[in-house]
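Participant: coordinates only, no sequence provided:
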C-alpha cells in the first residue's frame, strides 16, 4: 500500500486503530432506535444489532411486564429466570428468544390441563416437541426452543422446583448435517462486477475477505480498523462474545479506502444507513439481494452468509490449516470448522476421477 493513498487520514493514528478525525466527538448524536418487544402469536420480534446496555435493561422490564399479564403456569419462575439471565449478562437478543420459547412452551403446557409447573413431566416435553414438528417447524427451530426449555428446567431443578429426573434422559433430535454453501468463483466475479456503490462494495468485500459475521461488521466502529496493517479488531463476537482479530486483502483495502474518503466522519459506525448511526441487518440483506438480482444470480440461492462460507472455502482450498481458520472464523469448536473440509477436500475428487479413468479404460486388476 502506498502512503499517498493515506494522505487524507491522520498520520498520527495509523499505528493505532482508525484515525480519530474520521469519527464524531459529539456523543449526543448517538442513535438508539426503540425496540419493539411485543409478541404476535407468541413470536418475539428480533432485536436490532445496535442494542446498548440501556436497551437490555429496558427490554428486560418490557418482557417482565408482558409475562405478568399472561395466565401461564409457573410464570413467577420465568420472571426469576429472566432476571437470573440478565445478571449473567446475557444479550438482549438472548432474553427475547428465551422469553418467546418459554411462553410458547408454557402456553402449550397449559393446554394439557396442568396449572402448576411442578407437574411438568418428560411426557410434556415430548408432546411439545411433537407439536412443533406437526406444525412444520424446521429442525433447527425445534432444537433451539427445546434447548431454551431445558435450560429453564435445569434452573428449576437448581431452585428445588422441578425433579432432576427430567434431565436423566434428555430428548435428542437428529439434526441434518448440511454442507456450507459457498459462492462459485465465477459468480463472485459476476457479483463484484455489478457493485458500483462505494459503501456497498467495501461492505461486501470485507465480508468476503475477512469471514466476519454480518452482525460483527455492522457493529464495527471506525476505531476498530487498523488501516496500515489491514486488520479489524472484533472486541466481542456477535455470536460467541469472544474477541478476535481478522485481516483483509488488498482489494478490500482499496474498497475500504474509497469508502473512507466519502463517508461522514461524524458517524461512529464504519457502515451506516441513511440518517442513522448504524446499518441494520435487513438493509444489508436487501442490498445484497439487489446485487444478486443485478448479477443474474437470483435463482442461485445465495445469501449474505454465503460470503462467510466462501471465505472459509477459499482459504481451505489453498491449504490453510484448520486450526488457523477456526480462529479467523471465531469458531469455538474445531468440528464446526471441519465441515468446510468436507466441502473443499480435493483429494477424494482426484482419486475418484483417477480410478474412474482406469475403469473406463478397462484397466481392472483383481490384485489391486
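Facilitator: Yep, that arrived. Note that the structure is a prediction, hence the values are computed from the model and not measured.

Participant: quick one: the nearest residue to residue 273 once chain neighbours are set aside from residue 362, how far?
Facilitator: The shortest distance from residue 273 to any non-neighbouring residue, by CB to CB, 6 or more residues apart in numbering, is to residue 279 (4.6 Å). Where C-beta positions appear, they are placed from N, C-alpha and C, glycine not excepted. Taking CB to CB, to the nearest Å as the criterion, residue 279 is separated from residue 362 by 61 Å.

Participant: now swap in residue 278 and tell me
Facilitator: For residue 278, the distance to residue 362 under the criterion CB to CB works out to 65 Å.

Participant: looking at these two, which is more packed in?
Facilitator: Between residue 278 and residue 362, counted using other CB atoms under 10 Å, residue 278 has the larger neighbour count: 22 against 6.

Participant: does that one lie in a helix or a strand, and which?
Facilitator: Under the criterion DSSP states H and E, no helix or strand holds residue 278.

Participant: circling back: the residue nearest to residue 273 reaches residue 270, doesn't it?
Facilitator: No - contact criterion CB atoms under 8 Å: residue 279 and residue 270 do not qualify, at 9.1 Å.

Participant: when these two are compared, which one has more neighbours?
Facilitator: residue 270 (28 against 22).

Participant: can you give me the end-to-end span of stretch 309-328?
Facilitator: Distances were taken as CA to CA, to the nearest Å; on that basis the terminal residues of stretch 309-328 are 12 Å apart.

Participant: quick check: buried residues in it?
Facilitator: Neighbour counts over stretch 309-328 (16 or more other CB atoms under 10 Å) mark 309-316, 325-326, 328 as buried.

Participant: check stretch 239-253 too.
Facilitator: Of the residues in stretch 239-253, those with enough neighbours to count as buried (16+ other CB under 10 Å) are 244, 246, 248, 252-253.

Participant: what is the end-to-end distance of that stretch?
Facilitator: Start to finish, the residues bounding stretch 239-253 are 25 Å apart (CA to CA).

Participant: then stretch 289-308?
Facilitator: Length of stretch 289-308, first residue to last, CA to CA: 16 Å.

Participant: against residue 324, how distant is residue 208?
Facilitator: The span separating residue 208 from residue 324 equals 18 Å under the rule CB to CB.

Participant: quick one on the thing from earlier: which of the buried residues of stretch 309-328 sit farthest apart?
Facilitator: With CB to CB as the measure, no two of those lie farther apart than 310 and 326, at 16.9 Å.

Participant: which stretches of the stretch 151-300 of the chain form helices?
Facilitator: Secondary structure of the stretch 151-300 of the chain (DSSP state H, counting those that start in this stretch): helices located at 185-193, 198-210, 214-218, 250-262, 281-294.

Participant: can you put the ones you listed in a markdown table and add mean pLDDT and distance to residue 303?
Facilitator: As requested, the helices of the stretch 151-300 of the chain are exported to a markdown table (pLDDT from 0 to 100; distance: least, CB to CB, whole Å):
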| stretch | mean pLDDT | distance to residue 303 |
| --- | --- | --- |
| helix 185-193 | 96 | 12 |
| helix 198-210 | 97 | 11 |
| helix 214-218 | 93 | 10 |
| helix 250-262 | 96 | 20 |
| helix 281-294 | 95 | 8 |
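
Participant: of those, which is nearest residue 167?
Facilitator: With CB to CB as the measure, helix 214-218 is the member of the helices of the stretch 151-300 of the chain nearest residue 167 (31.8 Å).

Participant: can you list the weak-confidence ranges in the stretch 201-350 of the chain?
Facilitator: Applying pLDDT under 70 to the stretch 201-350 of the chain flags the ranges 238, 276, 345, 347.

Participant: any idea how far apart the tips of stretch 270-278 sit?
Facilitator: Distance between the two ends of stretch 270-278: 8 Å, counting by CA to CA.

Participant: picking up where we left off before, can you redo the helices of the stretch 151-300 of the chain as a markdown table with distance to residue 169?
Facilitator: As requested, the helices of the stretch 151-300 of the chain are exported to a markdown table (distance: least, CB to CB, whole Å):
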| stretch | distance to residue 169 |
| --- | --- |
| helix 185-193 | 47 |
| helix 198-210 | 42 |
| helix 214-218 | 36 |
| helix 250-262 | 50 |
| helix 281-294 | 38 |
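
Participant: ok, which of these comes nearest residue 137?
Facilitator: Proximity to residue 137 (CB to CB) singles out helix 281-294 among the helices of the stretch 151-300 of the chain, at 22.0 Å.

Participant: work out the gap between that closest one and the centre of the chain.
Facilitator: For helix 281-294, the gap between its own C-alpha mean and the chain's C-alpha mean amounts to 17 Å (CA atoms, centre = their mean, to the nearest Å).

Participant: packing partners of it?
Facilitator: Helices and strands touching helix 281-294, by 3 or more CB pairs under 8 Å, 6 or more residues apart in numbering; DSSP states H and E, are helix 198-210, helix 214-218.

Participant: can you list these in a markdown table and add mean neighbour count and distance to residue 190?
Facilitator: As requested, the helices and strands packed on helix 281-294 are arranged in a markdown table below (neighbours: other CB atoms under 10 Å; distance: least, CB to CB, whole Å):
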| stretch | mean neighbour count | distance to residue 190 |
| --- | --- | --- |
| helix 198-210 | 22 | 13 |
| helix 214-218 | 22 | 21 |
